[in-house]
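>>> Show me the folded form of this:
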Amino acid sequence: MTPRLRSLDELHPGDRYELGRMSLSLDEIRAFASRYDPQPFHLDEEAARDSVFGTVVAAGLHTLSACFGMLMASPLLRDISLAGSAMEIRWPAALRPDEEVSVAVEVVEVKPSRARRDRGSARLRYIATRVADGVIVLDATGLHHLRR
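Residues are numbered from 1 along each chain as shown. Now for the predicted structure:
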């Protein structure tokens, strides 16, 4: 079970939190892509066959949004999250419809604020790994501003 943190001070570099598993259906992939990333390989199976993916795949931002949503829906940062201000993102492999991924968050860095003792920041790495073969489909690091 994911803990509910009460302070930035409970985070330490190297800590890892398992958020669970998720998948995106073909309908979810198409709905997101229709609105936010209407490229043919996200929408049309025939067009996707001629793409570098060979099949319909989720938009990278959809994969990121789903994983970030799991973090924000979990109890982990519920009481301490203030905002975010940066993100580095990589999609080493595509996420296909109904492929299950395991989502985890790793603590990269923790920095208490010098100017505001009631807060600080943490760099958190989100990793989504396909359950079937262990291939990473999302590797992103976000800067979170958190209460102390």
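
>>> Pull out the buried residues from the helix or strand where Asp139 lies.
Counting by DSSP states H and E, the element that carries Asp139 is strand 136-147. Within strand 136-147, the residues that count as buried by 16 or more other C-beta atoms under 10 Å are 137-147. Glycine gets a C-beta too; all of them are placed from N, C-alpha and C.

>>> Ok, stretch 61-74 next?
In stretch 61-74, counting by 16+ other C-beta under 10 Å, buried: 62-64, 66-68, 70-71, 74.

>>> Could you report the distance from Phe138 to Leu5?
Residue 138: Leu, not Phe. Look at Leu138 and Leu5: by C-beta to C-beta, to the nearest Å, they are 22 Å apart.

>>> one step back: nearest to Leu43, of the buried residues of stretch 61-74?
Using C-beta to C-beta, His62 is the member of the buried residues of stretch 61-74 that lies nearest Leu43, at 12.1 Å.

>>> residues in contact with the closest residue in space to the closest one that isn't next to it in sequence?
Nearest residue to His62 in three dimensions, chain neighbours excluded: Phe32, at 4.3 Å (C-beta to C-beta, 6 or more residues apart in numbering). By C-beta atoms under 8 Å, 6 or more residues apart in numbering, Phe32 lies in contact with 24, 42, 58-59, 62, 65.

>>> Let me have the residues you listed in CSV, adding pLDDT as columns.
Shown next, in CSV, are these (pLDDT from 0 to 100):
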residue, pLDDT
Leu24, 98
His42, 98
Ala58, 98
Ala59, 98
His62, 98
Ser65, 98
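
>>> right, and the pair among those with maximum separation?
His42 and Ser65 (13.5 Å).

>>> what does the helix ranked longest in the chain contact?
Longest helix in the chain by number of residues (criterion: DSSP state H): helix 60-73. For helix 60-73, contacts defined as C-beta under 8 Å, 6+ apart pick out 19-20, 22, 24, 28-29, 32-33, 36-37, 77, 81, 89, 91, 95, 101, 103, 105, 124, 126, 128, 137-138, 140, 142.

>>> Give me the distance between the residue nearest in space to the middle of the chain and Leu95.
By C-alpha atoms, centre = their mean, the chain has its centre lying nearest to Cys67, at 3.3 Å. Distance of Cys67 to Leu95, computed by C-beta to C-beta: 10 Å.
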